[in-house]
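Q: I'd like to go over a predicted model; first the sequence, then the structure.
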Amino acid sequence: MSGRTIFIGIIILIIGVVIFYSFQQDSSNPEYAKKLNDEREAKNDFMRSSDESPFGEERKNFTRLNYFPADLNYRVSARLVPIENKKVITLPTSDGLEKKYLEYAYAEFQLNKEDCKLLILEIMDDAEYRGTLFLAFADATSANETYGAGRYLDVKKTPGASSITLDFNEAYNPYCAYSEKYTCPFPPRENVLKTAVRAGEKKYHQ
């Protein structure tokens, strides 16, 4: 084997190693993990000390919320599929009532090598938040590792956008996960994912 062939082989090996470790870093980026953990600590402080905490007087017993570790594999770019003939959707809530939403768009993406699709809704009932987007979902971890009635994900409306970033590391529990005093809409049926979303907030009550 010539020296040139050995040299080319070494270069290819180095490139392969660099690519491998770049992908490894993508799934656990230290800067991203720190930013996410800082946000989680700030939320813990709010739950522990704010008068607006859903724990109310019980916040003196609050310790911290439970989360999956940061994982950039759960930060995905989804294709936005517009809905032409939008319909009003009625979702049941945790206290037996109902809330109305307007269909906005579908988000299509791959997660854990599976094709996924979530319906994004537009808030109608709440005057303060009317027109903002609402995304509730459940998955294979629901009622086991995560809150049984599903979790929420904040998404921003960007007129004309053909894609949207869904960061499931930021998935959070509705307030009814902590107290029966709150009412929370359940995810629409089409938003129950078959795959396990092991990212974001876990169950609080174990």
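A: Yes, it's here. Residues are numbered from 1 along each chain as shown.
Q: tally of neighbours for the nearest residue to Gly148 once chain neighbours are set aside?
A: Closest residue in space to Gly148, ignoring its immediate chain neighbours: Ser142 at 5.5 Å, by CB to CB, 6 or more residues apart in numbering. Backbone N, C-alpha and C define where each C-beta goes, glycine included. Other residues within reach of Ser142, judged by other CB atoms under 10 Å, total 20.
Q: and Ser142, bridged to which residues?
A: Note on Ser142: beta-bridge partners Thr146, judged by DSSP bridges.
Q: need the contact list for it.
A: Neighbouring residues of Ser142 by CB atoms under 8 Å, 6 or more residues apart in numbering: 148-151, 192.
Q: I figured Asp115 hits Glu108, correct?
A: Yes. Using CB atoms under 8 Å, Asp115 is in contact with Glu108, at 7.4 Å.
Q: for those two, indicate the residue with more neighbours.
A: The residue with more neighbours, out of Asp115 and Glu108, is Glu108; 14 against 10, by other CB under 10 Å.
Q: hmm, who's touching stretch 83-97?
A: Residues from elsewhere that reach stretch 83-97 (CB under 8 Å, 6+ apart): 98-106, 119, 121, 124, 136, 149, 174, 176, 180, 182-188.
Q: quick one: mean pLDDT over stretch 47-66.
A: The average pLDDT for stretch 47-66 rounds to 95.
Q: oh sorry, the question was meant for stretch 95-104
A: Across stretch 95-104, the average pLDDT comes to 94.
Q: flag every buried residue along that stretch.
A: Using 16 or more other CB atoms under 10 Å as the test for burial, stretch 95-104 gives 99, 101-104.
Q: and the residue nearest to Gly148, how far is that from Asp126?
A: From Ser142 across to Asp126, the span is 24 Å (CB to CB, to the nearest Å).
Q: one more: Arg198?
A: 31 Å.
Q: neighbour count winner among these two?
A: The neighbour comparison of Arg198 against Asp126 (other CB under 10 Å) goes to Arg198, with 18 against 11.
Q: I figured the more buried one hits Thr141, correct?
A: Yes. Contact criterion CB under 8 Å: Arg198 and Thr141 qualify, at 6.2 Å.
Q: list the helices and strands the longest strand seen in the chain packs on?
A: Longest strand in the chain by number of residues (criterion: DSSP state E): strand 98-111. Using 3 or more CB pairs under 8 Å, 6 or more residues apart in numbering; DSSP states H and E, the elements in contact with strand 98-111 are strand 75-82, strand 88-92, strand 114-123, strand 163-167.
Q: nearest to Lys157, of the ones you listed?
A: Proximity to Lys157, assessed across these by CB to CB, is greatest for strand 114-123 (7.9 Å).
Q: in the chain, where is pLDDT below threshold?
A: Within the chain, the segments meeting pLDDT under 70 span 1-28, 206.
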